[in-house]
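In: sharing a model prediction with you, sequence too.
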Amino acid sequence: MSLPEKAFPVSWDQFHRDARALAWRVANVSKEWKAIVCITRGGLVPAAVISRELGIRVIETVSVASYHDYENQGEIYVLKEISPELLEQEGEGILIIDDLTDTGKTAGLVRAMMPKAHFATVYAKPKGMPLVDTFITEVSQDTWIYFPWDMGFTYQKPIAEDHKG
Ligand SMILES: O=P(O)(O)OC[C@H]1O[C@H](OP(=O)(O)OP(=O)(O)O)[C@H](O)[C@@H]1O
Ligand SMILES: [Mg+2]
């Protein structure tokens, strides 16, 4: 697996804060969201935080999978569709949540299913930005975001050891 140039590791604390900030932002867009549609799997965690903050109890999932590694996105596929009742009115009043948008391919695919829904992600890279309505933090395209659910504690070498001649 190839590695990106830059790394942006996110702790659980940071993710919780950023997801809560996203809840504040979308609360200012509407007080009456009919439901959240979260894009699994990454959208599940921010959807839980936003659902709690805004009291939205109807949560639907759409499962889109694509990534193999940093450089090769691979084919994009829908593993689970949105239930037909939620697709009525082209997604009006629906809040779509994902953890991030990168190339924008996932966002483009789900947006096409519900053109009137509001699309929100916690993080956004420049290529995906035009496809989302609200996001919290911009991250450069050559950065890989490391989410807390993908990580574990490991030993860190002291900085001085890398500088020994
Ligand atoms: O803007 P894009 O280039 O389409 O990339 C963004 C998508 O990629 C990741 O999901 P992934 O497909 O890896 O599946 P996962 O959520 O199950 O990890 C991430 O959670 C977004 O959904
Ligand atoms: Mg995803």
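Out: Okay, I see it. Ligands and ions are numbered 1, 2, ... in the order given.

In: near the residue in the chain that ligand 1 sits nearest to, how many other residues are there?
Out: Nearest residue of the chain to ligand 1, counting by C-beta to the nearest ligand atom: Gly42, 2.7 Å away. For every residue, glycine as well, the C-beta is placed using N, CA and C. Gly42 is flanked by 22 other residues according to other C-beta atoms under 10 Å.

In: contact partners for it?
Out: Contact analysis of Gly42 by C-beta atoms under 8 Å, 6 or more residues apart in numbering lists Asp98, Asp99, Leu100, Phe147.

In: in what helix or strand does the third one lie?
Out: Here Leu100 is covered by strand 94-101, with elements defined by DSSP states H and E.

In: so which elements touch that strand?
Out: strand 35-40, helix 44-54, helix 105-113, strand 118-124 (3 or more C-beta pairs under 8 Å, 6 or more residues apart in numbering; DSSP states H and E).

In: switch those over to a markdown table; also include mean neighbour count and mean pLDDT.
Out: As requested, the helices and strands packed on strand 94-101 are exported to a markdown table (neighbours: other C-beta atoms under 10 Å; pLDDT from 0 to 100):
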| stretch | mean neighbour count | mean pLDDT |
| --- | --- | --- |
| strand 35-40 | 23 | 98 |
| helix 44-54 | 20 | 98 |
| helix 105-113 | 18 | 96 |
| strand 118-124 | 25 | 98 |
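
In: of the ones you listed, which approaches Met151 most closely?
Out: Closest approach to Met151 among the helices and strands packed on strand 94-101 (C-beta to C-beta): helix 44-54, 13.3 Å.

In: hmm, the closest one in reach of ligand 1?
Out: No: legend: contact between helix 44-54 and ligand 1 by C-beta under 6 Å from any ligand atom is lacking; minimum distance shown is 8.3 Å.
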